[in-house]
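In: sequence and predicted structure are below.
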Amino acid sequence: MKRWRNTLFAVLLLFLFCGAGISAEAKTKAKGKASGQYMIRINKQQNVVNVYKHVKGKKYKPYRAFVCSTGPGTPVGTFHLLEKMRWHQLDGPTYGQYCSRITGRILFHSVWYYKPDKTTQSYIQYNRLGTAASHGCVRLTVWDAKWIFDNCPSGTKVMIYNSPDPGPFGKPKALKVSGFSGWDPTDPDPANPYWKKQPLITGVKKKTVRYGAKVKVKKGIRAKDSFGKNVSPKVKVSIWFKALAKDKYKKVKKIDTKVPGNYKVAYRVTDILRHTARKTAVFRVVPAKKITSLKLNHESMTLYVGGAASEAKGQLKVSKVLPKKASYKQVRYSSSNKKIVTVTAKGAVRAKKKGSAVIRVSALDGSDKKAACRVIVKRISEKPLGDDPVKDPVAVSGSAAKIIL
């Protein structure tokens, strides 16, 4: 019995050992893959950190840039990130948040604090970001130190060099704060009082735009950052368009005042604290003369399936538009049942299977005017001798079922 227990114990140990080995190997591969996602380059001369992201083809492309503070003791060379420390005691003693070891005593870390307390950061040192100010570590804002802490695992390649060129994004602007000590303005902690400060966009309102007129979407738009400074030139604009109320908005490059419809204009500004303000307004382009009525060349149509391709095809077109001088005469065709019959943007009708459907044509000038044609689809065996597949039954019988537009 004892011998059997010893054998079982040995087998269990072997199983656990092998399992642990596989797990460790998997973790090592995963870690290696993750550490290669980003590469960090520190320009010591310009006090700029540039992050490059790995893309297909084994290449790295510029991804983002941080302003930093290096110092005389910052070594030049190639390194790989080591361990991470949420808080770490620095010289002084002082304390840093989101620390990532580059090599030896050289770390990425936030601007230092007098105590391991988020309300005690040195504002004198914070205002030196962008200049040589450290003993050798690479100081960052809390936001940037946290990004490296969260996204660049141990093993991430770090290159430190000197160059008059700050890098692909230029040198980011450093925020200046007043006072002696307090919160890092970029700390994402909800308790940070700086998060109560938000940028503001004003002057955004819906507008009706005359057909063919010139429009300036940023006219009258004003923006201030979290500190009340004018940042109007930094407002970014995105535009979406839809012709009919039932449509979904699609992104476009500009407001085309010769194409009626609703243009949703979205305004966005992000300040140096990375706080963002957003506002939207709808610009409605209205034609000078709207369509009052539409008429199709057919009110009804009979097509046949199971025979020649031509028997299943028909053609619709707008035969009359009133008034004749309507500003915008573009229309859209649609089928009530695409399984029965389809229609192209140019009114080409094609039968799919037996049944009936309604083809509608809608004016796209905002007038909401429509016209319709009922399409009856039959099997070729049901076709009377000499029947014209696109002949309008109304012209023959003198009556037709009422179509609800």
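Out: Everything's here; your move. All of these numbers come straight from a predicted model, not from anything done at the bench.

In: which parts of the stretch 101-250 of the chain are helices?
Out: All helices of the stretch 101-250 of the chain, identified by DSSP state H, counting those that start in this stretch, fall at 123-126, 142-151.

In: quick check: Arg360 is in a strand.
Out: Yes - with DSSP: H, G, I helix; E, B strand; the rest coil as the criterion, Arg360 is part of a strand.

In: separation between the closest residue to it other than its chain neighbours and Ala363?
Out: Leaving aside its sequence neighbours, Arg360 sits nearest to Ala372 (Cβ to Cβ, 6 or more residues apart in numbering; 4.8 Å). Bear in mind the C-beta positions are built from the backbone N, C-alpha and C, glycine included. Computed as Cβ to Cβ, to the nearest Å, the Ala372 to Ala363 distance reads 13 Å.

In: which of those two has more neighbours?
Out: Ala363 (27 against 21; other Cβ atoms under 10 Å).

In: give me the beta-bridge partners of the more buried one?
Out: Judged by DSSP bridges, the bridge partners of Ala363 are Val331.

In: can you list the low-confidence ranges for the protein?
Out: 1-34, 386-405 (pLDDT under 70).

In: give the contact list for Ala357.
Out: With contacts defined as Cβ atoms under 8 Å, 6 or more residues apart in numbering, Ala357 is in contact with Ser335, Ser336, Asn337, Lys338, Ile340, Val341, Arg374, Val375, Val377.

In: Gly355 is in contact with the fifth one, correct?
Out: Right, the one you point to is Ile340. Yes - between Ile340 and Gly355 there is a contact under Cβ atoms under 8 Å: 4.1 Å.

In: joint contacts of those two?
Out: Val377.

In: the more surrounded of those two?
Out: Shown here are Ile340 and Gly355; by other Cβ under 10 Å, Ile340 has more neighbours (20 against 15).

In: residues contacting the more buried one?
Out: Neighbours of Ile340 in contact, by Cβ under 8 Å, 6+ apart: Ala351, Lys352, Lys353, Lys354, Gly355, Ser356, Ala357, Val375, Val377.

In: switch to 7 Å and redo it
Out: Applying Cβ atoms under 7 Å, 6 or more residues apart in numbering to Ile340 gives the contacts Lys352, Lys353, Gly355, Ser356, Ala357, Val377.

In: ok, it to Ala372 distance?
Out: On the measure of Cβ to Cβ, Ile340 and Ala372 end up 15 Å apart.

In: list the buried residues for stretch 79-94?
Out: Within stretch 79-94, the residues that count as buried by 16 or more other Cβ atoms under 10 Å are Phe79, Leu81, Lys84, His88, Leu90, Thr94.

In: quick check on the closest residue to Val55 other than its chain neighbours: phi, psi?
Out: The spatially closest residue to Val55, leaving aside those adjacent along the chain, is Lys61, at 5.4 Å (Cβ to Cβ, 6+ apart). Main-chain dihedrals, Lys61, degrees, to the nearest 10: phi -120, psi 150.

In: what about Lys61, how many neighbours?
Out: So Lys61, with other Cβ under 10 Å, has 10 neighbours.

In: mind listing what it touches?
Out: Tyr52, Lys53, Val55.

In: please apply the same query to Arg274.
Out: Arg274 neighbours (Cβ under 7 Å, 6+ apart): Trp143, Thr186.

In: secondary structure element holding it?
Out: In this structure, Arg274 sits in neither a helix nor a strand according to DSSP states H and E.

In: likewise for the one 5 residues further on?
Out: Assigned by DSSP H and E, Lys279 falls within strand 276-286.

In: other SSEs contacting the helix or strand that that strand is followed by?
Out: Proceeding N to C from strand 276-286, the next assigned helix or strand is strand 293-296, under DSSP H and E. Packing partners of strand 293-296 (3 or more Cβ pairs under 7 Å, 6 or more residues apart in numbering; DSSP states H and E): strand 318-322, strand 355-363, strand 370-379.
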